[in-house]
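1. Provided below are the primary sequence and the corresponding predicted coordinates.
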Amino acid sequence: MQVPAGNLLEKINYPSDLKQFSEDELELVCQQLRQYIIDVVSVNGGHFAASLGVVELTVALQYVLNTPYDQLVWDVGHQAYGHKILTGRRDVFHTNRVYKGISGFPKRGESEYDTFGVGHSSTSISAALGMAVASHYKGEKDRQHVAVIGDGAMTAGLAFEALNHAGIENSNLLVILNDNNMSIDPNVGALKEYLTDITTSRQYNRFRDDIANVLTKLSQVGPDAFKIAKKIEKSIKGTLLKRSNFFEALKFRYFGPIDGHDVKHLTKVLRDLRDIPGPKLLHCITVKGKGYALAEKDQTKWHAPGLFDKITGEIKKTISEKPQPPKYQDVFGHTIIELAEQNPKIMGITPAMPSGCSLNLMMKAMPNRAFDVGIAEQHAVTFSAGLATQGLVPFCNIYSSFMQRAYDQVIHDVAIQKLNVVFCLDRAGIAGADGPTHHGAYDLAYMRCIPNMTVSAPMNEEELRNLMFTAQQENMGPFVIRYPRGNGVMVDWQRPMKAIPVGKGRLVTDGEEVAILTIGTIGNEAVKAITALNTEGYYPAHYDLRFVKPLDEALLHSVFQKFYKVITVEDGCLEGGMGSAVLEFMADKGYSAQVKRLGMPDAIIEHGEQPELWAECGYDANAIAEQVKAFGISKKAHTIAS
């Protein structure tokens, strides 16, 4: 649904149009931009509070910089809605995150103003530094390079690695630290406390205002005067605030903290910083959700609230008279508490996603046994490994696509040592409107090739609980449980838990001529397909493998001894996935059958709702049914007993 823009905003199609306004008019531009984001997101959905918090910063940057020649990199990107609106996409912004519409994140193929594609965190400084070094190499001395990174994203090792490198390159790089004390959930760790110290030191803040003015003037006098002033400033800072030299220690010029919602002052500061050479860091204090009172009050809830009434703030939810199945993440959240109450060895770990994966439930119930380690997947895995060496059973919950960042740690620190770390991979398979950076496409393939690893996927909520119960048994070793974003299929899901024999699948429906092999919740699409096929006289069999490693070889022997036509279905990449494992088994054991693999093709899958993308990729219920028919089997006049 498209909504009208304000009278100033409707005149801005590109940043060059923004420059026609006076600095006094920028506040009104910010008001209209913020209101436009509220108007559109309230009726179309999407990320919300993060973009509201950087409206003034966005306007100031586009006003001062000469984009796209000057290169602006947004970290994570869920705060870049204002950026998209000001860079040629206002009239299509209502298609944000919609199937075939614009992406919810910066995307190079979408606009020349999107200098770097993002979706996960902490890449901006590395990317902007690479751009700055390239510009220096090419002799583009006047080109500006700016990375905007949130304080939450600063908790990742990649950000520190980039700062460490940037300090010695002396490139034309400005890092803007958007400090709102939030990622999705409140920030954690020593860095948060360090930034708070800077923010609350009145003596230091008075000093930095004075020294910033002096440095700006001295930079115009000459390099010698500037160097002397820098040495004096560094000495005084170390006296006023013991830890204030963190960024200076990395050879960054530190400026701030400043009010990130004062657009006129931001404009002045950004202009001044253009004239100061070398790596610089501007510390901006902002409020996530700024300008929408409810979002300011509950920033986690309003990170991505869905559709809502912009006047009353009522978040619109589908109301059903019948009880609805829970989200898989909530099944995990409640089940780990049940297990931890029975097993004192169980611990919970997540890298900055406690509400996203529902570990926040355990953090509230058992605060000494559940840990948010910040946006640090590598650390989350090795921290879990350390716990496991002491006889504890850590459940390390990481989104499937984010786990890719910690692959080396999974192999070296967990698998080689055969440690009982339980990896719960949320958002496995098609993740929906967040798009390719969030789809859990590869975990079945990249986990099943690791020795000592058990890799499983439940078909429903009961199976998820049973697999969690199984994974915490003695001597299990590394254990993967992958499950998708969204709701399950069972209303009555809180059933007594029981252990599942590792590597054992199950027959869901007996049948003739065609066997459908599935793993995970996509098996429910096969159930739908078979129900429809039965009405037409087709009766394929359905097997739920449950484990891709180890494979249920006894089950596969029985399948290939009985069926010459086999369909494999997985909500993951075809290359190296479950279907590949089945083909490997067939070849190794000397069987010959016609096998059709359904799953994600060898392509980047864009954003859209899960059913839309399952259909596009050819493995929803309709596609499964069509493949059964494509085998040319005969119709039957009778049913096969289940």
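-> Received, thanks. On a predicted model such as this, the values are computed, not experimentally measured, just so you know.
2. tally of neighbours for residue 475?
-> A count of nearby residues for residue 475, using other Cβ atoms under 10 Å, gives 6. (Glycine included, C-beta is placed from N, CA and C.)
3. what residues are up against it?
-> With contact set as Cβ atoms under 8 Å, 6 or more residues apart in numbering, residue 475 has these partners: residue 420.
4. Quick check: phi and psi at it.
-> Main-chain torsions, residue 475, degrees, to the nearest 10: phi 60, psi 30.
5. Quick check: chain neighbours aside, which residue is closest to residue 24?
-> Computed as Cβ to Cβ, 6 or more residues apart in numbering, the closest residue to residue 24 that is not its neighbour in sequence is residue 264, at 7.7 Å.
6. which ones are touching the one you found?
-> Applying Cβ under 8 Å, 6+ apart, we find residue 264 in contact with 23, 24, 26, 27.
7. next one: the host helix or strand of it to chain centre, how far?
-> In this structure, residue 264 is located in helix 263-274 according to DSSP states H and E. Average the C-alpha atoms of helix 263-274, do the same for its chain, and the two points are 31 Å apart (Cα atoms, centre = their mean, to the nearest Å).
8. going forward can the numbers begin at 16, since that is how I track them
-> Understood, numbering begins at 16; the last thing we discussed is helix 278-289.
9. what pLDDT, on average, does it get?
-> Averaging the model's pLDDT scores along helix 278-289 yields 95.
10. quick one, the helix or strand just after that helix and helix 278-289 angle?
-> Secondary structure here is assigned by DSSP H and E; on that basis, the next helix or strand after helix 278-289 toward the C-terminus is strand 295-300. Using axes from the mean of the first three to the mean of the last three Cα atoms, to 10 degrees, the direction of strand 295-300 lies 170 degrees away from that of helix 278-289.
11. got a list of contacts for strand 295-300?
-> By Cβ under 8 Å, 6+ apart, the residues outside strand 295-300 that reach it are 72, 188-195, 210, 213-214, 262, 267-275, 281, 284-285, 288.
12. any idea which helix or strand carries the nearest residue to residue 639 once chain neighbours are set aside?
-> In space, residue 639 comes closest to residue 544 once its chain neighbours are excluded; the distance is 3.9 Å by Cβ to Cβ, 6+ apart. Assignment of secondary structure by DSSP H and E places residue 544 within helix 538-551.
13. What residues sit buried inside that helix?
-> Residues 538, 539, 540, 541, 542, 544, 545, 548, 549 are the ones in helix 538-551 that count as buried (16 or more other Cβ atoms under 10 Å).
14. Strand partners (parallel or antiparallel) of the following helix or strand past it?
-> On the C-terminal side of helix 538-551, the closest following helix or strand by DSSP H and E is strand 556-559. Using DSSP bridges, the strands paired with strand 556-559 are strand 521-524 (antiparallel), strand 529-533 (parallel).
15. So what touches the last one?
-> Applying Cβ under 8 Å, 6+ apart, the contact partners of strand 529-533 are 474, 541, 544-545, 553, 555-560, 574, 577-578, 580-585, 593, 597, 639, 643, 646, 648.
16. What residue, apart from its backbone neighbours, is nearest the most centrally placed residue in the chain spatially?
-> What sits nearest the mean C-alpha location of the chain, by Cα atoms, centre = their mean, is residue 135, with 4.8 Å. Using Cβ to Cβ, 6+ apart and skipping residues adjacent in sequence, the residue nearest residue 135 is residue 452, 5.7 Å away.
17. how deep is the one you found tucked in, by neighbour count?
-> Here the neighbour count serves as a burial measure; for residue 452 (other Cβ under 10 Å) it reads 20.
18. wait, what's in contact with it?
-> Residues touching residue 452, when contacts are defined by Cβ under 8 Å, 6+ apart, comprise 120, 132, 133, 134, 135, 416.
19. I'd assumed the first one was in a helix, is it?
-> No: counting by DSSP: H, G, I helix; E, B strand; the rest coil, residue 120 is located in no helix; its state is coil.
20. what sits against it?
-> 91, 92, 93, 95, 132, 133, 134, 449, 450, 452.
21. want to try JSON lines for those, with distance to residue 613, secondary structure and pLDDT as columns?
-> Shown next, in JSON lines, are those (distance: Cβ to Cβ, whole Å; DSSP: H, G, I helix; E, B strand; the rest coil; pLDDT from 0 to 100):
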{"residue": "91", "distance to residue 613": "33", "secondary structure": "coil", "pLDDT": "93"}
{"residue": "92", "distance to residue 613": "31", "secondary structure": "coil", "pLDDT": "92"}
{"residue": "93", "distance to residue 613": "32", "secondary structure": "coil", "pLDDT": "92"}
{"residue": "95", "distance to residue 613": "35", "secondary structure": "coil", "pLDDT": "95"}
{"residue": "132", "distance to residue 613": "28", "secondary structure": "coil", "pLDDT": "96"}
{"residue": "133", "distance to residue 613": "31", "secondary structure": "coil", "pLDDT": "94"}
{"residue": "134", "distance to residue 613": "26", "secondary structure": "coil", "pLDDT": "90"}
{"residue": "449", "distance to residue 613": "23", "secondary structure": "coil", "pLDDT": "93"}
{"residue": "450", "distance to residue 613": "21", "secondary structure": "coil", "pLDDT": "94"}
{"residue": "452", "distance to residue 613": "24", "secondary structure": "coil", "pLDDT": "95"}
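22. next structured bit after the strand ranked longest in the chain?
-> What stands out as the longest strand in the chain, according to DSSP state E, is strand 580-588. Proceeding C-terminally, strand 580-588 gives way to helix 593-604 as the next helix or strand, assigned by DSSP H and E.
23. Name the next helix or strand downstream of that following helix, please.
-> The C-terminal neighbour of helix 593-604 among helices and strands, as given by DSSP H and E, is strand 609-615.
24. That next one pairs with which strands, parallel or anti?
-> Based on DSSP bridges, the strands next to strand 609-615 in the sheet, each with its direction, are strand 580-588 (parallel).
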